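**Q** Provide a 3D model corresponding to the input given below.
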Amino acid sequence: MKAPATVEAFTVAALERLGGAAEARAPALYTVLWPTEGGADLETRQLAFDPEALEEEPDAELVTFASPVLEEIVRLATASGRVARAFLALAAPSSRRTAELLARAYRFAEAAWSAETGSPWWMPAAVFLFRARYLSDAREEELLEIAVSLTDLRILRRLPAMIERHGVVADAHQAWPMMAEASPASAYGAARAELERRLVAPLGVRRRELEWRLAREAGRAAAYYDELAREVDEQQSRLAADAPERAVLAAKLATIRLERNGRLAELQRKYRLEAEVALLSILRLYLPRLVVPGRLIGKRDAAALTLVWDPLEQTGEPLRCARCRGQTYQAGLHRGAVVCPSCLDGGRGAPSQR
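**A** Below is the predicted model of the structure:
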């Protein structure tokens, strides 16, 4: 992909749209006029987008995913209105009936979950709107929405469809508590990785089509110039070795070969596929969730376990293993902690420590 798909291009474009400016001093190294809040004078700063660029400018600020500089860019964009805020228009589910369904979403090894009274919460998510442009002999573009949970950075693949179905409102219809919220910048890396996965298929289809068209046109062009060269070769073969016309034909043959190479190189450029990606906007969206506290009780052990019901997907959200922090729908008890099957088996097999 070309530069617009990088953190570097995103940062430069965001600075310019926010009223700043950026001047490239060297590869991955910029002097920027940084916009400040309140419309004050611009601040001059040095930004580096590659650790190697710091060798040339040690005082420059390194910009990477989730870096303080990128966080600040997103915060400024939020203040300027480029990050919208909304709530999904969906009522909270019933606590009593949902607790029964919630327990069925998980498999607990030699333990049972006992639910207490649940309460509705708002869960934050970020919906990134990207524009992808495909450039070759023609220009196409498409918009892609990628939703990321701001609590655990999971990709919410069905959320855009749910937004279409239920709609959004500007203000919360209920004053529910909010789950801990990360910034959209921290979810940008997850959204970009998902975007690249989604672009694999359309890029592959376009690339194969362009390769087929290139092979067809290049074959025609090569055949045309090869025929011209063959005719010149035949003319040369009929001449004496010392005939003065041979020099003229040799020059003509060199010209044909030069034009042939130039035409084939031109076709290569014409049918070369490039993709440009730009982040257009971010929607911070709050989704209803039912948070149900409870206890996981086994034969010899027990632990507090709070589960979360997703009314959009009609299932529980994955819980986190207390040991490896992985997400899972299967769990058991080990030394008073709720762990995944892998950690549970590993813990049983591990020697006890004295």
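**Q** Rounded mean pLDDT for the helix or strand where residue 308 lies, please.
**A** Secondary structure assignment for residue 308, by DSSP states H and E: strand 307-310. What strand 307-310 shows for mean pLDDT is 91.
**Q** so after it, what's the next helix or strand?
**A** Reading on from strand 307-310 to the C-terminus, the next helix or strand found by DSSP H and E is strand 315-316.
**Q** what comes into contact with that next one?
**A** With contacts defined as Cβ atoms under 8 Å, 6 or more residues apart in numbering, strand 315-316 is touched by 101-102, 105-106, 307-310, 329. Placement of C-beta: from N, CA and C, glycine included.
**Q** Just list what whatever helix or strand comes next after that strand packs against, helices and strands only.
**A** Using DSSP H and E, the helix or strand that follows strand 315-316 in sequence is strand 319-320. Applying 3 or more Cβ pairs under 8 Å, 6 or more residues apart in numbering; DSSP states H and E, we find strand 319-320 packed against strand 327-328.
**Q** Report all helices and strands that the strand it packs on contacts.
**A** Against strand 327-328 (3+ Cβ pairs under 8 Å, 6+ apart) you get strand 319-320.
**Q** so what strands line up beside the strand it packs on?
**A** Paired strands of strand 319-320, with direction, are strand 327-328 (antiparallel) (DSSP bridges).
**Q** Go ahead and name everything in contact with the strand it pairs with.
**A** With Cβ under 8 Å, 6+ apart as the test, strand 327-328 has contacts from 152, 154, 318-321, 340-341.
**Q** and the gap between the closest residue to residue 151 other than its chain neighbours and residue 47?
**A** Setting aside the residues directly before and after it, residue 151 is nearest to residue 179 in space (Cβ to Cβ, 6 or more residues apart in numbering), at 5.4 Å. Using Cβ to Cβ, to the nearest Å, we find residue 179 at a distance of 33 Å from residue 47.
**Q** More neighbours: the two, which one.
**A** Counted by other Cβ atoms under 10 Å, residue 179 and residue 47 do not tie: residue 47 has more neighbours, with 23 against 18.
**Q** In contact with the more buried one: list those residues for me.
**A** With contact set as Cβ under 8 Å, 6+ apart, residue 47 has these partners: 11, 22, 29-30, 32, 60-61, 63, 69.
**Q** In JSON lines: the residues you listed, plus pLDDT, secondary structure and distance to residue 192.
**A** As requested, these are arranged in JSON lines below (pLDDT from 0 to 100; DSSP: H, G, I helix; E, B strand; the rest coil; distance: Cβ to Cβ, whole Å):
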{"residue": "11", "pLDDT": "83", "secondary structure": "helix", "distance to residue 192": "13"}
{"residue": "22", "pLDDT": "87", "secondary structure": "strand", "distance to residue 192": "20"}
{"residue": "29", "pLDDT": "92", "secondary structure": "strand", "distance to residue 192": "22"}
{"residue": "30", "pLDDT": "92", "secondary structure": "strand", "distance to residue 192": "20"}
{"residue": "32", "pLDDT": "90", "secondary structure": "strand", "distance to residue 192": "22"}
{"residue": "60", "pLDDT": "91", "secondary structure": "coil", "distance to residue 192": "23"}
{"residue": "61", "pLDDT": "92", "secondary structure": "strand", "distance to residue 192": "20"}
{"residue": "63", "pLDDT": "88", "secondary structure": "coil", "distance to residue 192": "14"}
{"residue": "69", "pLDDT": "85", "secondary structure": "helix", "distance to residue 192": "17"}
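**Q** how about JSON lines for these, with neighbour count and distance to residue 75 added?
**A** Shown next, in JSON lines, are the contacts of residue 47 (neighbours: other Cβ atoms under 10 Å; distance: Cβ to Cβ, whole Å):
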{"residue": "11", "neighbour count": "20", "distance to residue 75": "13"}
{"residue": "22", "neighbour count": "19", "distance to residue 75": "18"}
{"residue": "29", "neighbour count": "20", "distance to residue 75": "23"}
{"residue": "30", "neighbour count": "23", "distance to residue 75": "19"}
{"residue": "32", "neighbour count": "21", "distance to residue 75": "16"}
{"residue": "60", "neighbour count": "19", "distance to residue 75": "20"}
{"residue": "61", "neighbour count": "16", "distance to residue 75": "15"}
{"residue": "63", "neighbour count": "22", "distance to residue 75": "14"}
{"residue": "69", "neighbour count": "19", "distance to residue 75": "11"}
